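Colleague: task: produce atomic coordinates for the following.
(one chain, ligands or ions: 2)
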Amino acid sequence: MSKQFDVIVIGGGPGGYIAAIRAAQLGFNTACVDEWKNKDGKPALGGTCTNVGCIPSKALLQSSEHFDHAGHHFADHGISMTGMTLDVATMLKRKDTVVKQNNDGIQFLFKKNKVTFFHGRGSFAKATEGGYEIQVAGAAEETIAGKHIILATGSNARALPGTPFDEENVLSNDGALRIQGVPKTLGLIGSGVIGLEMGSVWRRLGAEVTVLEALPTFLGAVDEQIAKEAKKAFDKQGLKIELGVKVGEIKSGKKGVSVAWTNAKGEAQTLEVDKLIVSIGRVPNTIGLNGEAVGLKLDERGAILVDGDCKTNLPNVWAVGDVVRGPMLAHKAEEEGVAVAERIAGQHGHVNFNTIPWVIYTSPEIAWVGQTEQQLKAAGVKYKAGTFPFMANGRARALGDTTGMVKFLADATTDEILGVHIVGPMASELISEAVVAMEFRASAEDIARICHAHPSLSEATKEAALAVDKRTLNF
Ligand code: FAD
Ligand code: NAI
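Modeller: Numbers count the residues shown, from 1 in each chain. Ligands and ions are numbered 1, 2, ... in the order given. Next up, the predicted model:
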């Protein structure tokens, strides 16, 4: 007889592993099936995020930022550097160590919370009276049975039609995170989140980077004023971003990659680069899940169809994270994982889609929560805006990083905060205050009246809130 579980989670990324831990905390006998493996064939829990996403990209962003500072900014502090060298192999090794620490951390958490882990691919075998049978194929080969199934199978990089990833010359996020030496020239297709983060890493390390973006506007989902400010900074850094392009034939050979493209004026161009990263979005992953065996429904994008509570069309089958609708973010996946485990336990798990923060970890960082000015205009909402530049913030001056601003958008009548947008130093950390404020439905005045430590970047947040009422103190 197959092993019985209350909850089986398929996928051990941020959506899946967190769902499994929460389910186990709630007293369910829980299993998690994940197929990701290291080069040595050993399990590597954490999914895309830990292995080829959030964590390794942030490790390389950190290393490359140190290199950039040492090369370009230390001199401002009176620190001179001579004979500075770059050892990409060590940089990549450090990144791998950081990833491994996270992989091992999740294994430890599974043990601590008594989640049973199966290393292999999980697929539906059949529906039974009490739930579902899941076939595990890989290092573990067996059939297990579960009353509730949580699908958290994530997403894969989207390839350009006719140009598969070879991970040698034409790279997905996977290959982009393990280029063995700094390419002289690097091309990126798509100036979205990966394009900007990966482009920044390799530009800082010395590559000549060109980004080809189909849309005529830069970072269309970002508040326009913030996107403009960010673009100015990227232009200054030498990140070449071409907007409104049409990408044509791509040829990959021994000498690199040649990309035929048409610019916004309709002129034919060719980009010759050593390496090409294709970052044009990601596709939900249901490969090998065998959902057909039980009649699992997908939507027109190939994502698992779910309702607002992450319920699929099948009884007691749930789906979370990148494989369902909504933003493809690790923290969104985690929140859904927790909410589903709590719903299984009869609780009222809940995800507030209006307060999911976004962060782009470039320099300057870009972070936001809630509505943009263009969204409020389109919806006909009457709002007040307040901005405060980091140039007028003492801590930013001391850091030597005064690019950017904090921007508040508040309801014109009630003063409730509707959106907060930041471009500048540590925007990734500063945005948390705005998320908390919006979750508690605070007004801009609430933030303006709270004591913020001096000198701190967070004073720019307070000042932007004051600016909504046109009464900044330091600008
Ligand atoms: P995944 O992390 O994709 O995990 C799915 C897991 O399921 C994988 O381990 C996979 O092997 C496994 N799996 C799939 N099918 C099966 C099966 N049938 N049987 C067993 N196992 C299976 N998000 C952020 O919030 N912040 C960031 O800074 C950030 N940076 C990113 C940088 C890059 C380069 C990329 C590519 C993504 C980044 N993301 C970031 C997005 C983030 O990685 C995803 O949103 C997140 O990983 C989604 O989590 P998930 O659990 O839904 O899926
Ligand atoms: P993206 O959706 O952020 O950006 C893709 C870009 O490619 C868009 O600007 C789009 O207009 C452009 N594009 C699409 N087709 C094109 C074509 N044929 N030619 C030229 N341009 C084209 O997708 P990306 O960067 O691949 O990242 C995928 C997802 O991963 C992100 O949306 C995000 O959810 C997640 N991610 C999150 C990060 C973070 O939170 N810091 C970091 C990296 C990724």
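Colleague: hey, let's count contacts and neighbours off CA atoms from now on
Modeller: Will do.
Colleague: quick one: the helices in the stretch 351-475 of the chain, in order.
Modeller: Counting by DSSP state H, counting those that start in this stretch, the stretch 351-475 of the chain has helices at residues 373-378, 394-399, 427-439, 444-448, 458-468.
Colleague: so which strand or helix has residue 200?
Modeller: helix 193-204 (DSSP states H and E).
Colleague: do any residues in that helix lie close to ligand 2?
Modeller: Yes: Helix 193-204 reaches ligand 2 (Cα under 6 Å from any ligand atom) through 193, 194, 195.
Colleague: before we move on, the earlier item: so which of the helices of the stretch 351-475 of the chain comes closest to ligand 1?
Modeller: Taking Cα to the nearest ligand atom, helix 427-439 is the member of the helices of the stretch 351-475 of the chain nearest to ligand 1, at 9.7 Å.
Colleague: which helices and strands does that closest one pack with?
Modeller: For helix 427-439, the packing partners by 3 or more Cα pairs under 8 Å, 6 or more residues apart in numbering; DSSP states H and E come out as strand 358-360, strand 365-370, strand 417-424.
Colleague: go again using 10 Å as the cut-off
Modeller: Applying 3 or more Cα pairs under 10 Å, 6 or more residues apart in numbering; DSSP states H and E, one finds that helix 427-439 contacts strand 358-360, strand 365-370, strand 405-411, strand 417-424, helix 444-448, helix 458-468.
Colleague: residue 350: what's it in contact with?
Modeller: Neighbouring residues of residue 350 by Cα atoms under 10 Å, 6 or more residues apart in numbering: 308, 309, 335, 336, 338, 339, 340, 342, 343.
Colleague: among the residues you listed, which one sits closest to ligand 1?
Modeller: residue 336 (9.3 Å).
Colleague: and whatever helix or strand the closest one lives in with ligand 1, contact?
Modeller: Following DSSP H and E, one finds residue 336 within helix 330-344. Yes: with Cα under 6 Å from any ligand atom as the measure, helix 330-344 is seen reaching ligand 1 through 330, 331, 333.
Colleague: quick one: which of those has the most company?
Modeller: In terms of neighbours by other Cα atoms under 10 Å, the residues of helix 330-344 next to ligand 1 top out with residue 333 at 29 neighbours.
Colleague: how far away is it from residue 318?
Modeller: Distance check for residue 333 against residue 318: by Cα to Cα, to the nearest Å, it reads 13 Å.
Colleague: on that earlier part again, reformat the contacts of residue 350 as a markdown table; add distance to ligand 2, neighbour count and pLDDT.
Modeller: Output for the contacts of residue 350, formatted as a markdown table (distance: Cα to the nearest ligand atom, whole Å; neighbours: other Cα atoms under 10 Å; pLDDT from 0 to 100):
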| residue | distance to ligand 2 | neighbour count | pLDDT |
| --- | --- | --- | --- |
| 308 | 19 | 9 | 95 |
| 309 | 20 | 17 | 96 |
| 335 | 15 | 22 | 98 |
| 336 | 15 | 27 | 98 |
| 338 | 19 | 23 | 98 |
| 339 | 20 | 23 | 98 |
| 340 | 21 | 27 | 98 |
| 342 | 25 | 19 | 98 |
| 343 | 25 | 17 | 98 |
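Colleague: picking up where we left off before, and of the helices of the stretch 351-475 of the chain, who's closest to residue 111?
Modeller: helix 427-439 (30.5 Å; Cα to Cα).
Colleague: quick one: average confidence on that closest one?
Modeller: On average, the pLDDT along helix 427-439 is 98.
Colleague: contact residues of the protein facing ligand 2?
Modeller: Counting by Cα under 6 Å from any ligand atom, the chain comes close to ligand 2 at 189-195, 212-215, 247, 279-282, 327-329, 358-361.
Colleague: tell me what whichever helix in the chain runs longest is packed against?
Modeller: Longest helix in the chain by number of residues (criterion: DSSP state H): helix 88-113. Under the contact definition 3+ Cα pairs under 10 Å, 6+ apart, helix 88-113 sits against helix 14-25, strand 30-34, helix 47-52, helix 54-72, strand 116-119.
Colleague: nearest to residue 469, out of the ones you listed?
Modeller: With Cα to Cα as the criterion, residue 469 lies closest to helix 54-72 of these, at 36.6 Å.
Colleague: check which residues of that closest one are buried.
Modeller: Residues of helix 54-72 classed as buried: 54-68, 71 (neighbour count, 16 or more other Cα atoms under 10 Å).
Colleague: so which of those comes closest to ligand 1?
Modeller: Closest approach between those and ligand 1, by Cα to the nearest ligand atom: residue 54, at 3.3 Å.
Colleague: near the residue nearest to residue 199 when sequence neighbours are not counted, how many other residues are there?
Modeller: Once flanking residues are discounted, residue 199 sits nearest to residue 209: 6.4 Å by Cα to Cα, 6 or more residues apart in numbering. As a burial measure, residue 209 scores 24 neighbours (other Cα under 10 Å).
Colleague: now the lengthiest strand in the chain against helix 330-344, angle please.
Modeller: The residue-count maximum for a strand in the chain (DSSP state E) belongs to strand 142-151. Strand 142-151 runs at 110 degrees relative to helix 330-344, counting by axes from the mean of the first three to the mean of the last three Cα atoms, to 10 degrees.
Colleague: so which bits of the protein are right by ligand 1?
Modeller: Residues of the chain lying near ligand 1 (Cα under 6 Å from any ligand atom): 10-16, 33-36, 46-49, 52-54, 57, 120-123, 152-155, 173, 194, 288-289, 321-323, 328-331, 333.
Colleague: name the nearest residue to residue 250, ignoring sequence neighbours.
Modeller: Excluding the flanking residues, the one nearest residue 250 by Cα to Cα, 6+ apart is residue 259, at 4.6 Å.
Colleague: distance from the helix or strand containing the one you found to the middle of the chain?
Modeller: If you go by DSSP H and E, residue 259 is part of strand 256-262. Centroid separation between strand 256-262 and its chain, computed with Cα atoms, centre = their mean, to the nearest Å, is 27 Å.
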